[in-house]
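K.L.:
Quick one, what's the 3D model for this:
(chains A, B and C)
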Amino acid sequence: MSLPTSLVGVQPKFETKGLRAGFGSTWVLKGIDLKIPPNRVTAVMGPSGCGKTTFVRCLNRLHELTPGAVVEGQALLDGEDIYDRNADPVAVRRRIGMVFQKPNPFPTMSIYHNVVAGLTLNGERDRKKLDHAAEHSLRGAYLWDEVKDKLSDSGASLSGGQQQRLCIARALAVEPEVILMDEPCSALDPTATAKIEELITQLKRDYTIIIVTHNLQQASRVADYTAFFYLGKLVEFDETATLFENPKEELTERYITGKFG
Amino acid sequence: MPRLMDMGLDQLNSLLLDMANLSQQAVAAAIDAYTHGGKGTGVRQMSDRLQVLHRQVSDLSTEMIARFQPVASDLRFLKACLEISYGFFRYGRYALDITQVLEMFGDLGPCDRTPVVEAARKTQEMIRLSAEAFGKRDVEMARSIPSMDDIVDESYRSYLRKAINEKGNNKCSMSAMLILRYVERIADHATYIAESVEYITTGVEPSA
Amino acid sequence: MTSILVSGRRRSWRRIFDRIMKALILLSVVIAVIPLFLVVADVVVQGLPAISWSFLTENPPSPLAGYGGILNGIEGSLLMVGMGTLIAVPLGVGAGIYFSEWPESRLSFLSSFMNDVLAEFPTIVIGLFVYAVVVAPTRTFSAVAGAVALAIIMLPIIARTTEESLKIVPITLREASMALGIPRWKTIFRVVISTGKSGLATGILLGIARATGETAPLVVTAGYLNFPPTALFQQTASLPYIIYNFGTAGYPNWTTVAWGAALVLVAFMLILNLSVKFFIGRKSTGVRAEI
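P.N.:
Residues are numbered from 1 along each chain as shown, chains lettered A, B, ... in the order given. Take a look at the predicted model:
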């Protein structure tokens, strides 16, 4: 697949080569070659069952935690294959953050402890470092002003949109390079969604963002590049504006105009 | 299974086809009045009607963009709709302008009307082709129109050059120049419509 | 189209029928509760007169003479249930964690099944097993043997409730933790168990409640002693044994002692069960349902 012109010569942050994944004897992903550009938002979209969530879960080696899961192929983060025999999955996951579809703050922890969980549960004890990380991450997630006076309240006491931003802050605190988002707004109301979309466009200054969405309008609002998956294969990958105004593949055209799926 | 917006798209399509027919009639009536001497009755009504239709197209396509947030070929169609409807509307307007010239200049019997009539015939052919290309979304047909525009442009310019060297206020050449000017503008719009048809189908704006 | 307006006769018949059903259900509830109520009432009525500070701090009387107390039983039960808990909790929680976090392994499937069988096992058989394995080689009834028997009885309960409490913790929490780069064992101990901890506590308390009331296994493992325990490998008294022994002997003062012991035991069970209710009442996972 030819690269969009703006990405020719750009070193990809993440590159998959022949990435296949599935469960047992069923392959969900059937060989994906994709170059994800750094410091941009790349959307992955397609109809249900096209493999977009599986793809993203392969990027932080979460897919293999499901019993029966199989993965083949390569996924290169800054040139290093995360599936190399010598690669440490825990180290991989520390460089890649993830935000899930339904906000999932740790229910037994306060807001503060939720944000710094990735640090404390990995042994960080320095209170000053933790405080700094908490404030920095909460600011980065546009949540600081709303919670700075109630950091010891339970994480579950926040609204849905705030909880999702808390989860984003929690992911940011570990200082990842890539942030994966699996339909992060699908459980939120339009106002909360708008705040998070705004946040995403700000975050790309410092992080590479990959967002799974089935909402075409969200992809067109938020993403610089869009990849269209269908039945486990990559059909088209291009700048979002181009893909939405003049897609090259007929399959893409039929999907986004709603003529199927 | 038809989509929600298909109804609106069909409505827009038929509005544009109506405008295509009406504008062709208006131009034909105006040119006919010039060629055979006449008042061009009915052209005013047709032009006004075209304006109303153009506004309807504009409202409907905007509404559809806001409501359905269309993409790809749908989006291109809606964007092109406005161009095309404006073109048909201008056909009617220029037809009206031609009849106003006729009204002002009165009897043009003794004039040599052939240069204008020839250019007008060419232009009417272009109008017909542009309307048909749109109706059938025929890119090849659309691509044949710009070259015809060159011919009309050339006849306008050559007549102008000739008229500059003529002496005196000549009712014939003045009226001919004005009408040729309108005819040339109509031809331009036919070209724009052809380009829009190509854009809808291929997604590429043809370079001028 | 059927009308929503129903004739008066059908309406009142339906109402009568509803009331009859409700009455029948209420009746079955009352009948079910009566035996429990009667038992507790009986225990309270018969046992209360025996309770006094000396009752709780003295050893049992000899037949026909005085009232004495049940100190040996209280200390013995505490000792054996305590030791049993110390054995059963780590093993049971560990097993429960394994069943919950590695459900796909064959070992998990098999042992989980065995666990369920063990939970329903006749406790006298468990007692006999411990007799053969601990009492016979050491040639004595002992607190240790009693504790081991109680531990075996508690184990499946604790394992099962641990497994169930952890399984309720949503997968998405584990994934969130793993996605932060937190290793698996830390995810289990600091996130999963932390979230399911009230379920775990419930299981342990239920196990203790069960163990405290077991009589048959203690008869064949711990035996009885008239004095509070002084060594681990000698016969040890327990409250259930006292009830069993003193309640059926026929001496009136001994009968009173037995009722008193029964009351203490029942009171202890009630307190444990109320604590369980308290833990369940506080939601173990605090995630609110957000609309």
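
K.L.:
Run through the helices of the chain in chain order.
P.N.:
This is for chain A. A:52-59, A:89-95, A:111-115, A:117-120, A:127-140, A:144-147, A:160-173, A:190-203, A:216-222, A:240-245, A:250-256 (DSSP state H).

K.L.:
wait, I meant chain B there
P.N.:
B:6-36, B:43-68, B:72-105, B:114-136, B:139-143, B:145-164, B:171-202.

K.L.:
could you dump those helices to a markdown table with mean neighbour count and mean pLDDT?
P.N.:
Where C-beta positions appear, they are placed from N, C-alpha and C, glycine not excepted. Listed next are the helices of chain B as a markdown table, based on neighbours: other C-beta atoms under 10 Å in any protein chain shown; pLDDT from 0 to 100:
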| stretch | mean neighbour count | mean pLDDT |
| --- | --- | --- |
| helix B:6-36 | 19 | 93 |
| helix B:43-68 | 17 | 94 |
| helix B:72-105 | 22 | 92 |
| helix B:114-136 | 20 | 91 |
| helix B:139-143 | 17 | 92 |
| helix B:145-164 | 15 | 89 |
| helix B:171-202 | 22 | 91 |
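
K.L.:
I'd like to know which of those helices lies nearest to C:Leu274.
P.N.:
Distance to C:Leu274, taken as C-beta to C-beta, is lowest for helix B:43-68 among those, at 60.5 Å.

K.L.:
wait, does the closest one contact chain A?
P.N.:
No: using C-beta under 8 Å from any C-beta of the partner chain, helix B:43-68 never reaches chain A; the gap is at least 9.0 Å.

K.L.:
now the angle between helix B:6-36 and that helix, please.
P.N.:
Calculated by axes from the mean of the first three to the mean of the last three C-alpha atoms, to 10 degrees, helix B:43-68 forms an angle of 160 degrees with helix B:6-36.

K.L.:
Pick out the residue in the stretch 101-250 of chain A sitting closest to chain B.
P.N.:
Residue nearest to chain B within the stretch 101-250 of chain A (C-beta to the nearest C-beta): A:Asn246, separated by 3.2 Å.

K.L.:
residue of chain B with the smallest distance to chain C?
P.N.:
B:Gln69 (26.2 Å).

K.L.:
Chain B contacts on the stretch 151-261 of chain A?
P.N.:
Counting by C-beta under 8 Å from any C-beta, the stretch 151-261 of chain A sits next to chain B at A:216-217, A:220, A:244-247, A:252-253, A:256-259.

K.L.:
Export those residues as CSV, with columns for pLDDT, neighbour count and distance to A:Gly31.
P.N.:
Compiled in CSV, these are given as follows (pLDDT from 0 to 100; neighbours: other C-beta atoms under 10 Å in any protein chain shown; distance: C-beta to C-beta, whole Å):
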residue, pLDDT, neighbour count, distance to A:Gly31
A:Leu216, 90, 19, 25
A:Gln217, 91, 11, 30
A:Ser220, 91, 18, 27
A:Phe244, 90, 22, 26
A:Glu245, 89, 16, 28
A:Asn246, 90, 18, 26
A:Pro247, 92, 24, 21
A:Thr252, 93, 23, 18
A:Glu253, 92, 19, 23
A:Ile256, 91, 24, 23
A:Thr257, 90, 18, 27
A:Gly258, 87, 17, 28
A:Lys259, 85, 15, 26
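
K.L.:
ok, now how distant is the residue of chain B closest to chain C from chain A?
P.N.:
Using C-beta to the nearest C-beta, to the nearest Å, we find B:Gln69 at a distance of 5 Å from chain A.

K.L.:
so how many other residues sit close to that residue?
P.N.:
For B:Gln69, the count of nearby residues is 15 (other C-beta atoms under 10 Å in any protein chain shown).

K.L.:
Which residue lies nearest the spatial centre of the chain?
P.N.:
Looking at chain A here, since you left the chain open. Nearest to the mean C-alpha position of chain A, by C-alpha atoms, centre = their mean, lies A:Leu180 at 1.4 Å.

K.L.:
other chain: chain B
P.N.:
Nearest to chain B centroid, counting by C-alpha atoms, centre = their mean: B:Tyr91, 3.7 Å.

K.L.:
Identify the residue nearest it in space, chain neighbours excluded?
P.N.:
B:Ser23 (3.7 Å; C-beta to C-beta, 6 or more residues apart in numbering or on different chains).

K.L.:
give me every residue that touches the residue of the stretch 151-291 of chain C found nearest chain A.
P.N.:
Nearest residue of the stretch 151-291 of chain C to chain A, counting by C-beta to the nearest C-beta: C:Gly181, 3.3 Å away. Residues in contact with C:Gly181, defined by C-beta atoms under 8 Å, 6 or more residues apart in numbering or on different chains, are A:90-95, A:118, A:122, A:174.

K.L.:
mind running it again at 7 Å?
P.N.:
Contacts for C:Gly181 (C-beta atoms under 7 Å, 6 or more residues apart in numbering or on different chains) come out as A:90, A:93-94, A:118, A:122, A:174.

K.L.:
Which one of those residues sits in the busiest neighbourhood?
P.N.:
Counting neighbours by other C-beta under 10 Å, A:Gly118 leads these with 27 neighbours.

K.L.:
Distance-wise, check that residue relative to A:Glu124.
P.N.:
9 Å (C-beta to C-beta, to the nearest Å).

K.L.:
Before I go, just wanted to say thanks for your time.
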